[in-house]
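Visitor: Take this sequence and fold it.
(3 chains)
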Amino acid sequence: MTGDALDTAAPFELASPVLEVAPSLLGAFLEAGGVRLRLTEVEAYAGVGEDPGSHAHRGRTPRTEIMFGPPGRLYMYFTYGLHWCANVVTGPAGRASEVLLRAGEVVSGQEAARVRRQGAPDRDLCRGPARLATALGLDGGSLGVDLLDPSSPVRLLAGSHDPVRVHTGPRVGVAGEGAQRPWRFWLDGEPTVSPYRAAVTRTRN
DNA sequence: TGATGGATTACA
DNA sequence: GTAATCCATCAA
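Guide: Residues are numbered from 1 along each chain as shown, chains lettered A, B, ... in the order given. Predicted structure coming up:
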């Protein structure tokens, strides 16, 4: 191993509170569609009644159903009429909390990722949640996959990171009361971390 | 049944 | 700066 400055590559404890799980995923690997990436940026979303920014804030609906189940499953959502984004369900079952996978560095399978993200420079292959999903070929068909099952088409693999490099800040594109919570986590200095944008006030008239 | 507004990205 | 473009959710 590299040394004691690094977290050990211990088994995931996805059932822990989401604010603990989210930073622990930095440096971990996600593998799907012939591509493996190292996570460099994530965001935490707490569930029912706790987080106005969460899709599950208003409770159980067909879309959020998967979040109310056991941790370690994949929650995919479709947004802006174009894009899919990938999340890991975390926390005790029933809490409906999750971690949005915002960005990563492709460490193997670059060829497959480049085909899916045609024209993008390597650094941008997974720089942003929808780009990440596209590069790995993830969409609604992957909803509910168990990320810890080695036989799954989408897998989360243990990794490590230097805790000193973990930075936090407000979540991207989140409006309202939850906007100020510093629930975005990234590895400082990584070129694959996506740029921060405040919530866009819808263009009116 | 209709309205509304996105946990975004690409491009002018 | 803004178009693209589907659908979950909410109001009635």
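Visitor: Name all residues that make contact with residue A:11.
Guide: Contact criterion Cβ atoms under 8 Å, 6 or more residues apart in numbering gives residue A:158 as the residues in contact with residue A:11. Where you see a C-beta, it was placed from the backbone N, CA and C, and this is true even at glycine.
Visitor: and it, which of the three is it?
Guide: Classification of residue A:11 by DSSP: H, G, I helix; E, B strand; the rest coil places it in coil.
Visitor: quick one: it and residue A:158, what's the gap?
Guide: 7 Å (Cβ to Cβ, to the nearest Å).
Visitor: likewise residue A:151?
Guide: Counting by Cβ to Cβ - residue A:151 and residue A:158 are separated by 17 Å.
Visitor: These two: which is more packed in?
Guide: Between residue A:151 and residue A:158, counted using other Cβ atoms under 10 Å, the more crowded position is residue A:158 (15 against 6).
Visitor: do stretch A:98-117 and DNA strand B meet at all?
Guide: Yes: between stretch A:98-117 and DNA strand B, judged by Cβ under 7 Å from any atom of the strand, the touching residues are A:98, A:100, A:117.
Visitor: Helix or strand: which one has the second one?
Guide: I take that to be residue A:100. Secondary-structure assignment from DSSP states H and E places residue A:100 in strand A:97-108.
Visitor: chain center to the helix or strand following that strand: distance?
Guide: As assigned by DSSP H and E, the chain's next helix or strand after strand A:97-108 is helix A:110-116. A distance of 20 Å separates the centroid of the chain from that of helix A:110-116, by Cα atoms, centre = their mean, to the nearest Å.
Visitor: Counting by contacts, list what helix A:110-116 packs against.
Guide: strand A:35-45, helix A:129-135 (3 or more Cβ pairs under 8 Å, 6 or more residues apart in numbering; DSSP states H and E).
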